[in-house]
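J.: below is the sequence, then the predicted model.
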Amino acid sequence: MRLDFNSARELALKFLLEQEAKFGGVPCSIVESRIVENERGWYFPYQSVEFLATGDINASLVGNWPIFVSGDGLYVGPGRPDIKERGG
């Protein structure tokens, strides 16, 4: 059974909250305008709340892959979209 978008987003948010400790407790947020969906699932890009609010490059996270949620919900974790999905 395929998840709906809201269920996938909730899984991504849960994963993100669990990962914040890896960023030294830096609060993060999903970048809603950059979410990608394809036949396999959803990619939820995220960034530090401070960077999103201020644009201060010193507050940005670097090298993080989006959180991928498979359509069936069995995989939630880092995932790299295909180049063609990113418009390249």
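T.: Structure received.

J.: so residue 7 sits in a helix?
T.: Yes. Under DSSP: H, G, I helix; E, B strand; the rest coil, residue 7 falls within a helix.

J.: need the contact list for it.
T.: residue 73 (Cβ atoms under 8 Å, 6 or more residues apart in numbering). All C-beta spots, glycine's among them, are computed from the backbone N, C-alpha and C.

J.: if I look at it, how far off is residue 40?
T.: Remark: distance between residue 7 and residue 40 (Cβ to Cβ, to the nearest Å) = 16 Å.

J.: with residue 30 instead?
T.: Distance, residue 30 to residue 40, using Cβ to Cβ: 18 Å.

J.: ok, now residue 65?
T.: Applying Cβ to Cβ, the value for residue 65 to residue 40 is 15 Å.

J.: who's more crowded, these two?
T.: residue 40 (16 against 13; other Cβ atoms under 10 Å).

J.: pretty sure residue 15 contacts residue 77?
T.: Yes. The pair residue 15 and residue 77 qualifies as a contact (Cβ atoms under 8 Å) at a distance of 6.8 Å.

J.: and residue 44, what's its pLDDT?
T.: For residue 44, the pLDDT comes out at 97.

J.: which other residues reach the helix or strand that contains residue 51?
T.: Using DSSP states H and E, residue 51 maps to helix 49-54. The contact list for helix 49-54 (Cβ under 8 Å, 6+ apart) reads 26, 27, 28, 29, 31, 56, 57, 59, 60, 61.

J.: OK, contacts around the second one?
T.: Yep, that's residue 27 we're talking about. Counted by Cβ under 8 Å, 6+ apart, residue 27 has contacts 20, 48, 49, 50.

J.: let's see that with 10 Å instead.
T.: Residue 27 makes contacts with 16, 17, 20, 48, 49, 50, 52, as judged by Cβ atoms under 10 Å, 6 or more residues apart in numbering.
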